[in-house]
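S.K.: task: produce atomic coordinates for the following.
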Amino acid sequence: MSAYHQEGPTTSNRINCGRCKRKLSERDVRVLTRIKHSLYYIYTGLSKDVDLPGIYEFTALGLLDDREIDYYNSKEQKKIPKQSWMMEKMQEDYWEKGTQSRKSKERWFKVNLDILLKRMNHNLHVLQWRHGCEVEESNGEVKFLRGISEYGYDGSDFLSFNNSDRVWVASVQAAEPTKRKWDGVNQNTQGYLEKECVDWLTKFMEYGKESLRKHSPPVVHALATKSVRDPKKLILTCLATGFYPKDVEMGLTWFRTSIPDHVITSSGVRPNDDGTYQLRKSVEILEDEKADYDCYVTHSSLKKPVIIKWGNYICDCRYNNNNRVVRLKNKVSGSKQQPERNSTYQSEGQSRVHTRGGKNQR
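M.R.: Numbers count the residues shown, from 1 in each chain. This next block holds a predicted model:
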C-alpha cells in the first residue's frame, strides 16, 4: 500500500509563551464521546512466488478497527475468520462467497501486475490495494466520514480515489492510463465506499460488539529527562499507553495554555503488541520551568480527563518494545532519597488507570 508515515520529530525550541495565545478550552479536555470505527481490506500481490516461509504470492486481510477479522492467501485459497464472533455470526455461504471473491481478486492482481511490469520495466515487485471506510458513532447514530481506495507499487503511492471530488488521482505517470479508464466508472467506487462498506461495517460492529467495545484506558506517565544538547534544559515527555480504541487526545500545557504544535515532538499513535495503542509527546524547556507544565489525556474509556504535572521529578527512563517504562531513576529536588527500581509515582509522574480485567498496568 502507499507509504504510511508516522508523525516525525519537529525541532524542539524553548516555549515562547508570548505566542501561546490559546487557553485550554473545554474541547481540549473533553471526554471523547464520539468514537470512530473503520473497516479496511488490504490486498498484496507479488509478481512471482518468492518461496519464503509466510510470504505468499497473494494475500488478503480484513481489518475492523485495526483488528483482523478475516484472512486469505494464495496457498490455502480459503477465506477464514480471525475472530470467534465472525465464525459464529457469519453463515457458511458468506465464507464460500468470500473465498470465490478472493480467488477472483487474486486473478485480477496477476493480470494487472503483468501490465505494470511491462509498463514499468520491472521484474519482481509488489502491488498493494487498500480500500474501506471510516464512520463516527455518537449516541447510537453512525455518520460516514470518508472512504479510501488506494494503490501502492513497491511501497510508493501509485493511484488513489479522491472521495470528495470523485476522481482517481495518479501519483506517477505510469498510473495515468488506469486513471483515465477508471474515471468512467467512479460511481461504482463511490457507491461501495459510502454505502456497501458502511453497511458491512455496521453489521460487523453489531455482531462483535461485546468484543470490539471493550475499552482499555490509558496508563499515563509524565517524565522529565535531561537534554543531551543543553544541560540547562529538560525534555518533558507525556506517554499514554495501553489504551483501546486508538482515538485519543493528548496535550501539553503551560499554566493551562496549550503549547503550539510546532514545538512539540510527537510519535503519533502507534500499536502495542497486545492490541492496544500508545502515544508520546515531548517538549524541551528550561529545567526550572518544569513545575509549570501539565500533561492531559482524554479517551473514551475515561469518565474525566487525566491531568498530571511533571513536578520535581527527573528520571533516567528506559522503555521496552511495548513502550512500557521498565527502568526509572528518579530524584526529587532537595532530597537524597532514591526510589526503588521500576517504582512508579501516582501524584507527580504517573497516573495509574485500571485496564482490562481490573489489573493495574505499569
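S.K.: run through this protein and note the low-pLDDT ranges.
M.R.: 1-33, 120-122, 213, 290, 311-362 (pLDDT under 70).
S.K.: which residues in it form helices?
M.R.: Along the chain, the segments classed as helices by DSSP state H run 84-89, 92-120, 176-182, 186-191, 197-207, 209-212.
S.K.: list the contacts of the nearest residue to residue 68 once chain neighbours are set aside.
M.R.: Distance criterion Cβ to Cβ, 6 or more residues apart in numbering; nearest residue to residue 68, sequence neighbours excluded, is residue 82 at 4.0 Å. The C-beta positions use only the backbone N, C-alpha and C, and glycine is treated the same way. Counting by Cβ atoms under 8 Å, 6 or more residues apart in numbering, residue 82 makes contact with 62, 68-71.
S.K.: make TSV from those residues and add distance to residue 258 and neighbour count to it.
M.R.: Putting those into TSV (distance: Cβ to Cβ, whole Å; neighbours: other Cβ atoms under 10 Å) gives the following:
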residue	distance to residue 258	neighbour count
62	38	23
68	37	13
69	38	21
70	42	22
71	42	16
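S.K.: and residue 182, how far is that from residue 166?
M.R.: 11 Å (Cβ to Cβ, to the nearest Å).
S.K.: and the two? Which one has more around it.
M.R.: residue 182 (18 against 12; other Cβ atoms under 10 Å).
S.K.: chain neighbours aside, what residue packs nearest to residue 178?
M.R.: Counting by Cβ to Cβ, 6+ apart, the residue nearest residue 178 is residue 159, at 5.9 Å.
S.K.: same check on residue 160?
M.R.: residue 150 (3.9 Å).
S.K.: residue 132 is in contact with the one you found, correct?
M.R.: No: between residue 150 and residue 132 there is no contact under Cβ atoms under 8 Å: 10.1 Å.
S.K.: and those two? which has more neighbours close in?
M.R.: Neighbours per residue (other Cβ under 10 Å) separate residue 150 from residue 132, with residue 132 holding more: 22 against 18.
S.K.: partners of the more buried one in the sheet?
M.R.: residue 40, residue 148 (DSSP bridges).
S.K.: that one is in contact with residue 41, isn't it?
M.R.: Yes: look at residue 132 against residue 41 with Cβ under 8 Å: they come within range, at 5.9 Å.
S.K.: which neighbours do those two have in common?
M.R.: Common neighbours of residue 132 and residue 41 (Cβ under 8 Å, 6+ apart) are residue 63.
S.K.: run through who's touching stretch 170-184.
M.R.: Contact with stretch 170-184 is made by 2, 116, 119-120, 151, 153, 156-160, 167-169, 189, as judged by Cβ under 8 Å, 6+ apart.
S.K.: among the residues you listed, name the buried ones.
M.R.: With burial judged by 16 or more other Cβ atoms under 10 Å, the buried subset of the contacts of stretch 170-184 is 2, 116, 151, 153, 157-160, 168, 189.
S.K.: which one of those residues is nearest residue 308?
M.R.: residue 2 (37.3 Å; Cβ to Cβ).
S.K.: quick one, domains of the chain?
M.R.: Listed by automatic domain parsing, the domain ranges of the chain are 17-31+215-358, 35-212.
S.K.: that older thread, just the contacts of residue 82: which are in strands?
M.R.: Using DSSP state E, the subset of the contacts of residue 82 located in strands is 62, 68-71.
S.K.: pull the most distant pair out of these.
M.R.: 69 and 71 (8.6 Å).
S.K.: now list whatever residues contact both of those two.
M.R.: With Cβ under 8 Å, 6+ apart, residue 69 and residue 71 have common neighbours 62, 82.
S.K.: and the strands in the stretch 251-362 of the chain, which stretches?
M.R.: 257-258, 265-266, 270-271, 277-286, 293-299, 306-309, 314-315, 318-319, 325-327, 330-331, 350-351 (DSSP state E, counting those that start in this stretch).
S.K.: want to throw those into JSON lines with distance to residue 238?
M.R.: Shown next, in JSON lines, are these (distance: least, Cβ to Cβ, whole Å):
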{"stretch": "strand 257-258", "distance to residue 238": "13"}
{"stretch": "strand 265-266", "distance to residue 238": "10"}
{"stretch": "strand 270-271", "distance to residue 238": "15"}
{"stretch": "strand 277-286", "distance to residue 238": "5"}
{"stretch": "strand 293-299", "distance to residue 238": "4"}
{"stretch": "strand 306-309", "distance to residue 238": "8"}
{"stretch": "strand 314-315", "distance to residue 238": "13"}
{"stretch": "strand 318-319", "distance to residue 238": "14"}
{"stretch": "strand 325-327", "distance to residue 238": "13"}
{"stretch": "strand 330-331", "distance to residue 238": "16"}
{"stretch": "strand 350-351", "distance to residue 238": "10"}
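S.K.: please identify the most buried of those strands.
M.R.: strand 293-299 (a mean of 23; mean count of other Cβ atoms under 10 Å).
S.K.: find the nearest non-adjacent residue to residue 63, please.
M.R.: residue 40 (4.7 Å).
S.K.: what is the burial count for that neighbour?
M.R.: Residue 40, neighbours per other Cβ under 10 Å, totals 19.
S.K.: so what's it up against?
M.R.: Contacts of residue 40 (Cβ under 8 Å, 6+ apart): 62-63, 130-132, 148.
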